[in-house]
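Undergrad: What follows is a predicted structure for the sequence shown.
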Number of protein chains: 2
Amino acid sequence: MTGAETLIKTLEKGGVDVCFANPGTSEMNLLGALDKSERIRSVLVLFEGVASGAADGYARMTDKPATTLVHLGPGFANSLANIHNARRARSPMINIVGNHATYHIKYDTPLTGDIIGLASAANNWVRQSESAESLAGDGAAALAAALTYPGQIATLIVPADHAWGHATDTATIPMIAKPQRVSQRTIDQTAETIRSGKKSALLLGGRALRERGLDAAGRIREKASVRLISETFAPRVQRGAGRVAVDRLPYFGDWIGEDLKDVDNLILVGAPPPTSFFAYKDKPSRASPDSCKVTTLAEPHEDIAAALEALAECLGAANEPAPLQQPNVPDIPSGELDAESIAACVAALLPENAIVSDESATSGLPLHNATQGAAAHDWLNLTGGSIGLGMPLATGAAIACPDRKVINLQADGSAMYTLQALWTQARENLDVTTVIYANHSYAILKYELLQTGIAETAGETAQSLLSLANPNLDWVKLAGGMGVPAGRATSVATFYQELEKGIGIKGPYLIEATIKPIL
Amino acid sequence: MTGAETLIKTLEKGGVDVCFANPGTSEMNLLGALDKSERIRSVLVLFEGVASGAADGYARMTDKPATTLVHLGPGFANSLANIHNARRARSPMINIVGNHATYHIKYDTPLTGDIIGLASAANNWVRQSESAESLAGDGAAALAAALTYPGQIATLIVPADHAWGHATDTATIPMIAKPQRVSQRTIDQTAETIRSGKKSALLLGGRALRERGLDAAGRIREKASVRLISETFAPRVQRGAGRVAVDRLPYFGDWIGEDLKDVDNLILVGAPPPTSFFAYKDKPSRASPDSCKVTTLAEPHEDIAAALEALAECLGAANEPAPLQQPNVPDIPSGELDAESIAACVAALLPENAIVSDESATSGLPLHNATQGAAAHDWLNLTGGSIGLGMPLATGAAIACPDRKVINLQADGSAMYTLQALWTQARENLDVTTVIYANHSYAILKYELLQTGIAETAGETAQSLLSLANPNLDWVKLAGGMGVPAGRATSVATFYQELEKGIGIKGPYLIEATIKPIL
């Protein structure tokens, strides 16, 4: 066998079944090995940021790593922005990056670069293979690293001579360690805090927002009147009718302070402390009020669901499910198409068990409340703030869950970073309905310009650098150019029709929704 | 003044007049400073790879750095692939990367990352400012680094609190050191090699391919019968009728060996030694034949034009220009549209003083010979092998030279990496005619698959990962979606008409040329 074949077969043994690929010459033997794989589905992407974003979407829906296959340093660099988001989501992922043959690197040919340096600056686990024989074991180690609970980014750099060299066999897949348990002492202390009689809230993050954790949290709320809040940008929230509904921490620091002003004890459950997303002159970074005491029940790498169950038991919560969210969606308004009316249409039409990839930015503000009582669904957020995730994430989620409808709620400025994802959706006939919020501006930045006080004096240059108008992007054409059928909506009625149509199609569809900026 | 203002004003003093920008919240004060600048033209790009590629195009045409302005680590990561190409082109460039306020970084908010690590892995010069007061001096140092002959990538990381903090004044622009002179001893030795009577060739790279260097090289050829060859991927070649014509080193190692088999002495003049672009099993990395002795007249950082002039003098070459390339273009063939006929049409229609941004990949093989006697023009190549440069490079060249027509000869697969450049061409009404070679495949990789011997056994997966078909990209729609008018050509006659039309328009135009893969 070649080294490449032992690597790919080892990953197969470890349960890997998807590779999002954009290979080049130095990856030809890896391509050859993938070609022979019966288990791994290889999916071509036309830009590497689509590969990493799709691997993230796949991982969030399966808790398993997909692989990416990319070409040398620059190809890997192109995937880094969405690797950043995936790392913040704590998604498992295995990046396979080709390198020149080891003996070739000293010639410093045009594509030579410091791949290890790039990966070290951005990843959890990085290794370059030592030989063709090492590749199988390197693959097993990458798998173990990726699956380190709840998930890590593992990057394996494969010189071409190791990929084509002879290797003996695959490697044994190591045991994956279970997540650490939270100590009974921490559980007891948290229960004591909650029993103190002051107002407590659980700030739920990461795996706390899956059904098992939410079920325990719901019973705790029912018993002890704590408030349940999700972190602002959770990787995956299981929500909708029949689930435990939780509030969502607002985005801006000021709004967080307002939201938490009555909370005496904020208990972190897999979530970071509330912090302003960005720094602003004369505003604090820490966003919780001084009166709010912040403690921790569980860190992200700990067994969060078990900790919540132990806490429920410690508090004497019932074993039966707490009252769950009832079906309840807003009426469809009759006015003009805007963020509110889009949210109402989405809530009304969301199919049972849908997956939402949300990169709606400012236009998404009404979505949380509107969809709280929609049909049960999974909601995926932009975890790392690096825009250009929504379309790739939807792509990967659709590969992971071919029987579920994926709805991508997508800001137009962010969509432009990785619009190549649409082509892969068309090629693989993925069941993704994309809604483009076409407000033709970086609306969040226009708001920030006001916030920073620069706007009072800002002239044409600043305004023009935040506007996507002149010319307006035509998303019906862009989608059509990549083989995705599309329609345009400028009124609530046509948007409702278009969304119904898109959801009715088994395959990709895109709707350009013309709206004004919300802020 | 704010720190941001002292930085931008210092760069203005140093002659910077363009900024390719995709800012975010942490760059709001830099945006404010740009807004006040009367000298610097701020150009919005919708993806950061367009910013770095455009800055490269601008630098190649002006020998001055443009700035990019990008948002934190992920925004900077998106610009790295084209920074790689620019570094290989030895283009001067100043990247301004916003960072969180210094006191905010410890909170590890979602967009926090190791920007210094990323930049260190990929750049020539990296600094993060120490304070608001340091920013002006940091800008001057970045400028000096960028202009270190022939050009470097300088990256300045600006924490938001330094940008908004108070600072006193701009900084003095340092003297830029002149390029090092090649020693007389080296000149004499080279002259001796040439006079030996054996067959010699000058391998010209970088600045050797500008008119001054070429003029001296032409006189050396006339006097001493040396062969003149350009490196394969030169940043900028001044060529066409009335210029000194040179051969071009082929791409593949085998072809290089064949091309150089009669050369006894290969003299490097700002070019690297001939090397296989990639490593192949059982093939050498070094591509020149063992019988070919390789010596160096000038390194890229030395004064190449002066070295060639000194060599010409040492050899007793005439002071008058050597015979120059006569106007001479191939006839337009009547057969089907293919790489040959496109090359003939381009050669026939290329306007005087045009700039060609060439990312034509396999489809471009006939271009060199066909355009050798076309109207005088500048030819820009994909220097670093990281695809996705052509459209941004054309964009930057058009900003640099508003009175010159830019022709972007563009492979379809490569175009998809940074197609967002078309929107900036539309917004700025840049005079760029883009020709998409629509062969619907990664043709070079299909060829490589054959080369590596994997193809004999390669199945559906491998073939499908190298094909851009199913669905075919529709470039007329993609261009239209970004506001660029476009047409399609499937015959030589319609291609000729379309190219004539595009060149006739003062502004962007795109032609999708449907062809079969050449290899």
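TA: Thanks, I have the structure now.
Undergrad: State which helix of chain A is the longest.
TA: The single longest helix within chain A, with elements called by DSSP state H, is helix A:72-89.
Undergrad: For whichever helix or strand comes after it, which strands pair with it and how are they oriented?
TA: Of the helices and strands lying after helix A:72-89 in sequence (DSSP states H and E), the nearest is strand A:93-99. Sheet pairing for strand A:93-99, assigned by DSSP bridges, gives strand A:66-71 (parallel), strand A:153-159 (parallel).
Undergrad: Strand A:93-99 to helix A:72-89, inter-axis angle?
TA: Using axes from the mean of the first three to the mean of the last three C-alpha atoms, to 10 degrees, the inter-axis angle of strand A:93-99 relative to helix A:72-89 is 170 degrees.
Undergrad: what does the average pLDDT come to for strand A:93-99?
TA: For strand A:93-99, mean pLDDT is 98.
Undergrad: burial count for the nearest residue to A:I96 once chain neighbours are set aside?
TA: Distances taken as C-beta to C-beta, 6 or more residues apart in numbering or on different chains put A:L69 closest to A:I96, at 5.0 Å, once the chain neighbours are dropped. For the C-beta atoms, the positions are set from N, CA and C on the backbone; glycine is no exception. Number of residues near A:L69 (other C-beta atoms under 10 Å in any protein chain shown) recorded here: 29.
Undergrad: about what we covered before: of all the strands paired with strand A:93-99, which one comes closest to B:K178?
TA: strand A:66-71 (38.4 Å; C-beta to C-beta).
Undergrad: pLDDT on that closest one, on average?
TA: Here the average pLDDT along strand A:66-71 is 98.
Undergrad: ok so, going back, what about the longest helix of chain A and chain B, touching?
TA: Yes - using C-beta under 8 Å from any C-beta of the partner chain, we find that helix A:72-89 touches chain B at A:G73, A:P74, A:G75, A:A77, A:N78, A:L80, A:A81, A:H84, A:N85, A:R88.
Undergrad: Centre of the chain to that helix, how far?
TA: Helix A:72-89 sits 13 Å away from the centroid of its parent chain (C-alpha atoms, centre = their mean, to the nearest Å).
Undergrad: My assumption is that A:E512 lies in a helix; please confirm.
TA: No - under DSSP: H, G, I helix; E, B strand; the rest coil, A:E512 sits outside any helix and is assigned strand.
Undergrad: circling back: the residue nearest to A:I96 against A:M28, yeah?
TA: No - the pair A:L69 / A:M28 is not scored as a contact, 11.1 Å apart, by C-beta atoms under 8 Å.
Undergrad: which residue ranges form the helices in the stretch 1-150 of chain A?
TA: A:3-13, A:28-36, A:48-62, A:72-89, A:115-122, A:134-146 (DSSP state H, counting those that start in this stretch).
Undergrad: tell me the most buried of the ones you listed?
TA: A comparison of the helices of the stretch 1-150 of chain A by mean neighbour count, using mean count of other C-beta atoms under 10 Å in any protein chain shown, puts helix A:48-62 on top with a mean of 31.
Undergrad: For that helix, name the packing helices and strands.
TA: strand A:18-22, strand A:66-71, helix A:72-89, strand A:93-99, strand A:377-380, helix A:390-400, helix A:421-427 (3 or more C-beta pairs under 8 Å, 6 or more residues apart in numbering or on different chains; DSSP states H and E).
Undergrad: In the stretch 301-450 of chain A, mark out all the helices, start to finish.
TA: A:304-314, A:339-349, A:367-371, A:390-400, A:412-415, A:421-427, A:443-451.
Undergrad: With mean pLDDT, distance to chain B and mean neighbour count as extra columns, can I get those in JSON lines?
TA: As requested, the helices of the stretch 301-450 of chain A are exported to JSON lines (pLDDT from 0 to 100; distance: least, C-beta to the nearest C-beta, whole Å; neighbours: other C-beta atoms under 10 Å in any protein chain shown):
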{"stretch": "helix A:304-314", "mean pLDDT": "98", "distance to chain B": "19", "mean neighbour count": "23"}
{"stretch": "helix A:339-349", "mean pLDDT": "97", "distance to chain B": "20", "mean neighbour count": "23"}
{"stretch": "helix A:367-371", "mean pLDDT": "98", "distance to chain B": "18", "mean neighbour count": "21"}
{"stretch": "helix A:390-400", "mean pLDDT": "98", "distance to chain B": "13", "mean neighbour count": "31"}
{"stretch": "helix A:412-415", "mean pLDDT": "97", "distance to chain B": "7", "mean neighbour count": "25"}
{"stretch": "helix A:421-427", "mean pLDDT": "98", "distance to chain B": "5", "mean neighbour count": "27"}
{"stretch": "helix A:443-451", "mean pLDDT": "84", "distance to chain B": "5", "mean neighbour count": "21"}
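Undergrad: residues from the stretch 401-519 of chain A in reach of chain B?
TA: Residues of the stretch 401-519 of chain A found near chain B (C-beta under 8 Å from any C-beta) are A:413, A:416-417, A:419-420, A:423, A:426-427, A:444-445, A:448-449, A:452, A:454, A:457-462, A:464-465, A:467-468, A:470-478, A:480-483.
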